[in-house]
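Engineer: Starting from these lines, generate the structure:
(one chain, ligands or ions: 2)
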Amino acid sequence: MYLENPIANHLRLTERQRFLLERAEFKTVRDILWHFPVRYSEFREPKAIADLEAEDGVAVTGRIIQTKIQKTWRKKLSIAQTLLSDGTGTLRITWFNQPYMGNILQPDRSYTFSGKIKKDKKGLYLANPDYEESITAKQARPLKNTLIPIYSETRGLHSKWFQFAIQKILTKISQETFRDPIPAEILKRYHLPSLKTALFSIHVPRTKKIAEAARKRFAFEEIFLIQLNRQKNRMKREKEVCASIHADPREIQGFIASFPFEMTAAQKRATRTIITDLKKPKPMARLLEGDVGSGKTAVSAVAIFAATQNKLQSSYMAPTEVLAHQHYREFIERFRERRISIGLITSSECRKFPSKAFPNQDTHVSRTQLLRWVAGGEIPILIGTHALIQDRVQFKNLALIIVDEQHRFGINQRAKLVQKGTPHLLSMTATPIPRTLALTIYGDLDLTLLDEMPPGRKKVTTVIVPASQRPRAYEQMRSEIKKGRQAYVVCPRIEESTDAMQLEMKSVKEEHKKLAEKVFPEFVVDLLHGKMTPKEKENVMQKFRDGKTNILVATSVIEVGVNVPNATIIMIEGAERFGLAQLHQLRGRVLRSTHQPYCFIFSQSPSQKTLARLKALIEAKNGFELAEYDLRFRGPGELSGRKQWGISDTGMEALKNIKMVEAARAEARTLLEKDFELKNEPELARLASKFKNLHFE
Ligand code: ADP
Ligand code: MG
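Structural biologist: Ligands and ions are numbered 1, 2, ... in the order given. Here you go, the predicted structure:
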């Protein structure tokens, strides 16, 4: 099919272009046609430079007579300055943070720039305008009466080049016929344009409205393809058979009563739902979604306990060694009295509780020994990292798997664990995501929310700290630490970056040095980042947990699940680099005790927009609200973890529209009920299969 042909069949490419395309993973005609414009610029009649005033929406055409690149004060910004002449006068063009523009624009060539004319002390200038090399016979020219598409420039491939290449391909396509993957009646029902029309309308639209309609079609298509996979999995699983878990309700009550706390109403509800699921002979597939600190572990412990009552095995997978250890310790406490054995497996070590020699303690064991016990069914609970999914790990009768912070695992990792039997699955996540996204990517899971926090938790006092108040924030931190509390300081980066843009970003090492030597010489300040070995990380965490460290300077490795109740202060540097939901996760680190927690937020670019966004952290009631906020105000691209979901920017746009998501879901289900293997829709089946491996199956 035409769309799957290599690009090189249809365009003459230079060596360099070939290389750039390959590097950016553009292989087929489809890859390039699905690189949609990020926006459109309106074509305008150019004005003479001499006639310009400070005004909006102006185009000027002229020759480049000079270009220079500068770094501004304290190297915060790099600026390229270009001087344009059109015979009637000269005009400055300023490129902020786009130093490469200095190299792209060739002296003595003629270009058209459009944008807003501004005025400063030195006169009129244009800042970061759209530009286009003046049209010569060889150049792409906008089709008559159309908007100019502006493409995101990816790794050396410029917007202009995309415009040229795509128009060339479209010209050829106009004679081709190709099959629309979406069934005609669905297109009709939702008033969506056909594939071919949509491709033209998105790349060379006459109006923005037409472009919008095309974009909507592509968004629908993507969500529909994802739903076909989700609903298919769901329907398949509805037919599967697995071990049902029946535990004596009195035993379960007894187990819950042994917790050092009373479960919240939400925890009780979730537990009941799960226990009911487990009794059925068909595998549970449930997502337990609850804010950081809402107590998901306790809920999962009850499910595991139920399985042990039937002499069935459970396995608990955590995304990091730090977390696997932490859960291992917590589970030992929960199950200690009942003498239930627990194993720990990570890539660096294996442990078991209880030890033969000292029944109150756990002990290091060899991997071979641990695996033998697991295979023999003598260890009913196995906790671990992705080391759990290796082929060597075999269970005697695995009936339940818990995947903690499930979004941190790749799809294949999760699928592999499920393959070790036909177990019930409980996925857990603290990443609050909007409902539309949950319906889409977790379309094959049932959803349970833990929407209540354990009682007695204080609300985190969140402060956005202006630079001038930094010393005060440090003083507050000092006084809390003197009272016996501990603190996290989170920075967005590990190494000092050489890139001018990132110079200002706090490097965690540098920050650690500053805090340890200058600001808090009287305290023990430690360091944790992603490049340390698992062993090193565990040592650092252990020291922090034991209270030997006062301040832990870390990258966002601590984002997930780490639980140190005595840590009540978190300082976040460069907060503008994080999504709101992620900041909320970080803040959750200090929500674990009954002492008053504090979150101090520092931002290096406190524009009004950034501040407004950060303020949402103070006002929002929970993580779900923040995720919705990110989706609405910054666009779907800001939702953390989006890369792993494997949804394109266009598909993410659809998530703003609950009606569209629900329609795609219902249509997918209806179609599969009629034609489960999509035998009558070969093109649809082929495209849908591409989305198969993106998420949990
Ligand atoms: P998360 O949902 O983020 O995984 P955890 O399961 O780690 O949260 O629980 C956070 C903390 O709250 C733990 O220290 C846990 O022991 C405690 N906890 C859980 N449920 C309750 C409850 N109902 N009442 C009081 N404390 C609780
Ligand atoms: Mg957790």
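Engineer: Name the residues of the stretch 51-200 of the chain found near ligand 1, please.
Structural biologist: Along the stretch 51-200 of the chain, not a single residue is adjacent to ligand 1 under the rule Cβ under 6 Å from any ligand atom. (C-beta placed from N, C-alpha, C; glycine too.)
Engineer: Tell me the residue of the stretch 51-200 of the chain that sits nearest ligand 1?
Structural biologist: Distances between the stretch 51-200 of the chain and ligand 1 by Cβ to the nearest ligand atom are smallest at S152, namely 36.0 Å.
Engineer: Counting neighbours, what do you get for that residue?
Structural biologist: Per other Cβ atoms under 10 Å, the neighbour tally for S152 reads 13.
Engineer: Can you tell me the closest non-neighbouring residue to it?
Structural biologist: Counting by Cβ to Cβ, 6 or more residues apart in numbering, V38 is the residue found nearest to S152 once chain neighbours are left out, at 4.9 Å.
Engineer: dump the residue contacts of the one you found.
Structural biologist: For V38, the contacting residues are I150, Y151, S152, taking Cβ atoms under 8 Å, 6 or more residues apart in numbering as the criterion.
Engineer: now the residues you listed as CSV including pLDDT and secondary structure?
Structural biologist: Written out in CSV, the entries for the contacts of V38 read as follows (pLDDT from 0 to 100; DSSP: H, G, I helix; E, B strand; the rest coil):
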residue, pLDDT, secondary structure
I150, 87, strand
Y151, 88, coil
S152, 83, coil
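Engineer: now the residue nearest to S152: how far from Y151?
Structural biologist: With distances defined as Cβ to Cβ, to the nearest Å, the gap from V38 to Y151 amounts to 7 Å.
Engineer: and what of H325?
Structural biologist: Relative to Y151, H325 is positioned 47 Å away (criterion: Cβ to Cβ).
Engineer: Check which helix or strand the closest residue to A318 other than its chain neighbours maps to.
Structural biologist: Leaving aside its sequence neighbours, A318 sits nearest to A324 (Cβ to Cβ, 6+ apart; 4.3 Å). Under DSSP states H and E, the secondary-structure element containing A324 is helix 321-335.
Engineer: cool, and A306?
Structural biologist: Assigned by DSSP H and E, A306 falls in helix 296-309.
Engineer: Given the helix or strand that comes right after that helix, what are its sheet partners and their directions?
Structural biologist: Downstream of helix 296-309, the first helix or strand assigned by DSSP H and E is strand 313-317. Applying DSSP bridges, strand 313-317 is found paired with strand 381-384 (parallel), strand 398-403 (parallel).
Engineer: Check for me that I275 belongs to a strand.
Structural biologist: No. Counting by DSSP: H, G, I helix; E, B strand; the rest coil, I275 falls outside a strand, being helix.
Engineer: would you list every one of the helices in the stretch 151-300 of the chain?
Structural biologist: Counting by DSSP state H, counting those that start in this stretch, residue ranges of the helices within the stretch 151-300 of the chain are 159-173, 184-189, 195-203, 208-237, 249-257, 265-279, 296-309.
Engineer: Out of the ones you listed, which is closest to S78?
Structural biologist: Of all the helices of the stretch 151-300 of the chain, helix 159-173 sits nearest to S78, with 20.1 Å by Cβ to Cβ.
Engineer: same for that closest one, what does it pack against?
Structural biologist: Contacts defined by 3 or more Cβ pairs under 8 Å, 6 or more residues apart in numbering; DSSP states H and E place helix 159-173 against helix 29-33, strand 148-150, helix 195-203.
Engineer: What residues does the stretch 351-500 of the chain have near ligand 1?
Structural biologist: Where the stretch 351-500 of the chain comes near ligand 1, counting by Cβ under 6 Å from any ligand atom, the residues are A430, P454.
Engineer: could you list every residue that touches the residue of the stretch 51-200 of the chain closest to ligand 1?
Structural biologist: Counted by Cβ under 8 Å, 6+ apart, S152 has contacts H35, V38, S159.
Engineer: got it, and F409?
Structural biologist: For F409, the set of contacting residues under the criterion of Cβ under 8 Å, 6+ apart consists of M317, P319, H386, V403.
Engineer: For the residue nearest to A318, give its distance to F544.
Structural biologist: For A324, the distance to F544 (Cβ to Cβ) stands at 17 Å.
Engineer: and T112, how many neighbours does it have?
Structural biologist: Applying the criterion other Cβ under 10 Å, we find 19 residues in the vicinity of T112.
Engineer: Who does it form a beta bridge with?
Structural biologist: According to DSSP bridges, beta-bridge pairing links T112 with T61, E132.
Engineer: Kindly report the same for L157.
Structural biologist: Where L157 sits in a bridge, its partners, by DSSP bridges, are T154.
Engineer: Now do it against A24, distance only.
Structural biologist: Applying Cβ to Cβ, one obtains 6 Å for the distance of L157 from A24.
Engineer: Which one's more surrounded, those two?
Structural biologist: More crowded of L157 and A24, by other Cβ under 10 Å: L157, with 20 against 15.
Engineer: For the more buried one, list the residues it contacts.
Structural biologist: Contact partners of L157, counting by Cβ under 8 Å, 6+ apart, are Q17, L20, L21, A24, F26.
Engineer: next structured bit after the worst-scoring helix or strand of the chain on mean pLDDT?
Structural biologist: For the chain, counting by mean pLDDT, DSSP states H and E, helix 642-645 ranks last in confidence among helices and strands (a mean of 54). Under the assignment DSSP H and E, the closest C-terminal helix or strand after helix 642-645 is helix 649-654.
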